[in-house]
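A.B. asks: Got a predicted structure plus its sequence, pasted below:
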Amino acid sequence: MQDYEIRFSGTGGQGLQLSAKILAHGLNLANKRIALSQSYEPTSRGGLSRSDLVVSDGIAGFPLVTSLDFLVVLDQSALDISLGLLKDQSIVIADTRLVPTPPSGAFRVYHLPLSETALKLGNGRVANIISLGALIGLGDICSFAFMEDAVRAGVPPKFLTLNLEALGEGYRMVQSQNVPEPAKTLK
């Protein structure tokens, strides 16, 4: 895969900015060039929030997303702002609990229990890291080892074990035999 665009979309307080920074670090370890942009409402929790990455082997032609290859959505209210950027080959990862009505279209949708898994790990705030593990598992955009290194560099030591466990849970969620078929695949 050469050039691709990724968006993390949800609400403030879900750790979307952190996920994007960790992913950017992992992709840098894989010798990719990244343009990272963020947008969030001025409220600290609950307002719309998104973080976008344009990833390239060389120099990206444009630093802002225009056509998403990957969308991770962690809140229903944050879905609509990204729908117009999806294309037939896009992969959408949506949380089953917080995005009860995932998008439908000529793209692949993976409706995964991200926040439920985070709660089972004992901290609902790691759904973002679980989604990161699922993203690298489905998208094959970065090695798991690079992502582990990026998590180690990006989270406080106090939460390192939990976040590494969350990354692994997300990755295993899509690598196991229990991966849900895409909600709709049209080519």
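C.D. replies: Okay, I see it. Numbering: from 1, shown residues only.

A.B. asks: How about the contacts made by the residue nearest in space to the middle of the chain?
C.D. replies: With distances taken as Cα atoms, centre = their mean, the chain has V72 as the residue nearest its mean C-alpha position (4.2 Å). Counting by Cβ atoms under 8 Å, 6 or more residues apart in numbering, V72 makes contact with I6, R7, F8, S9, S19, I93, S131, L132, A134, L135. In short, each C-beta sits where N, CA and C put it, glycine included.

A.B. asks: backbone phi and psi for P103, please?
C.D. replies: Per-residue torsions, P103: phi -70, psi 160 (degrees, to the nearest 10).

A.B. asks: So the closest residue to Y110 other than its chain neighbours versus V151, what's the distance?
C.D. replies: Spatially, and ignoring its direct neighbours in sequence, Y110 is nearest to I93 (5.0 Å; Cβ to Cβ, 6 or more residues apart in numbering). Distance check for I93 against V151: by Cβ to Cβ, to the nearest Å, it reads 18 Å.

A.B. asks: Would you mind extracting the C-alpha trace of stretch 159-179 into PDB?
C.D. replies: Extracted in PDB, the C-alpha atoms of stretch 159-179 (Å, rounded to 0.1, in the frame of the first residue of the first chain):
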ATOM      1  CA  PHE A 159      -1.100   2.800  31.900                       C
ATOM      2  CA  LEU A 160       1.400   1.000  29.700                       C
ATOM      3  CA  THR A 161       0.400  -2.600  30.500                       C
ATOM      4  CA  LEU A 162      -3.300  -1.800  30.100                       C
ATOM      5  CA  ASN A 163      -2.700  -0.100  26.700                       C
ATOM      6  CA  LEU A 164      -0.500  -2.900  25.400                       C
ATOM      7  CA  GLU A 165      -3.200  -5.400  26.400                       C
ATOM      8  CA  ALA A 166      -5.900  -3.200  24.600                       C
ATOM      9  CA  LEU A 167      -3.800  -3.100  21.500                       C
ATOM     10  CA  GLY A 168      -3.400  -6.900  21.500                       C
ATOM     11  CA  GLU A 169      -7.200  -7.400  22.100                       C
ATOM     12  CA  GLY A 170      -8.100  -5.200  19.100                       C
ATOM     13  CA  TYR A 171      -5.600  -7.000  16.900                       C
ATOM     14  CA  ARG A 172      -6.700 -10.500  18.000                       C
ATOM     15  CA  MET A 173     -10.300  -9.400  17.600                       C
ATOM     16  CA  VAL A 174      -9.900  -9.200  13.800                       C
ATOM     17  CA  GLN A 175      -7.300 -11.900  13.400                       C
ATOM     18  CA  SER A 176      -9.300 -14.600  15.100                       C
ATOM     19  CA  GLN A 177     -11.900 -16.900  13.500                       C
ATOM     20  CA  ASN A 178     -14.600 -14.800  15.100                       C
ATOM     21  CA  VAL A 179     -14.200 -11.800  12.900                       C
END
